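Participant: based on what follows, work out the 3D shape:
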Amino acid sequence: MREVINISLPSPLAKAVKSAVKTGAFSSTSEFFRHLLREWQAGRLLSELEQSRQEIASGNGKILKSLKALR
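Facilitator: Below you'll find the model as predicted:
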């Protein structure tokens, strides 16, 4: 299921999005924003993983022995 979300952009940003679509970098405006959201989610995940690595390295992390320990 999809939802429609409308956003308002300043003119320079709107032009950048339209240009990216026009040059073929993205098939549509929606695909442009889906790509940005995927990249944002991946960045958040990487940040959380790095934070966990730092906690483990400093001795403050918790090493899980099974997935049940996540609960």
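Participant: count of neighbours near residue 17?
Facilitator: 15 (other CB atoms under 10 Å). To be clear about C-beta, it is placed using only N, CA and C from the backbone, and glycine gets the same treatment.
Participant: can you tell me the element it falls in?
Facilitator: Using DSSP states H and E, residue 17 sits within helix 11-22.
Participant: what about residue 14, how many neighbours?
Facilitator: By other CB under 10 Å, the residues close to residue 14 number 13.
Participant: longest helix anywhere in this structure?
Facilitator: Longest helix in the chain, counting residues (DSSP state H): helix 29-57.
Participant: tell me what that helix is packed against?
Facilitator: Packing contacts for helix 29-57, counted by 3 or more CB pairs under 8 Å, 6 or more residues apart in numbering; DSSP states H and E, involve helix 11-22.
Participant: what does the helix it packs on rub up against?
Facilitator: Helix 11-22 is touched from outside by 9, 26, 27, 28, 29, 31, 32, 33, with contacts defined as CB atoms under 8 Å, 6 or more residues apart in numbering.
Participant: which pLDDT does the model give the last one?
Facilitator: Think residue 33. As predicted, residue 33 sits at a pLDDT of 97.
Participant: ok, it to residue 40 distance?
Facilitator: Look at residue 33 and residue 40: by CB to CB, to the nearest Å, they are 10 Å apart.
Participant: angle of the helix or strand bottoming out on mean pLDDT in the chain against helix 11-22?
Facilitator: Every helix and strand in the chain was compared by mean pLDDT, DSSP states H and E; the lowest is helix 29-57, with a mean of 94. Helix 29-57 runs at 100 degrees relative to helix 11-22, counting by axes from the mean of the first three to the mean of the last three CA atoms, to 10 degrees.
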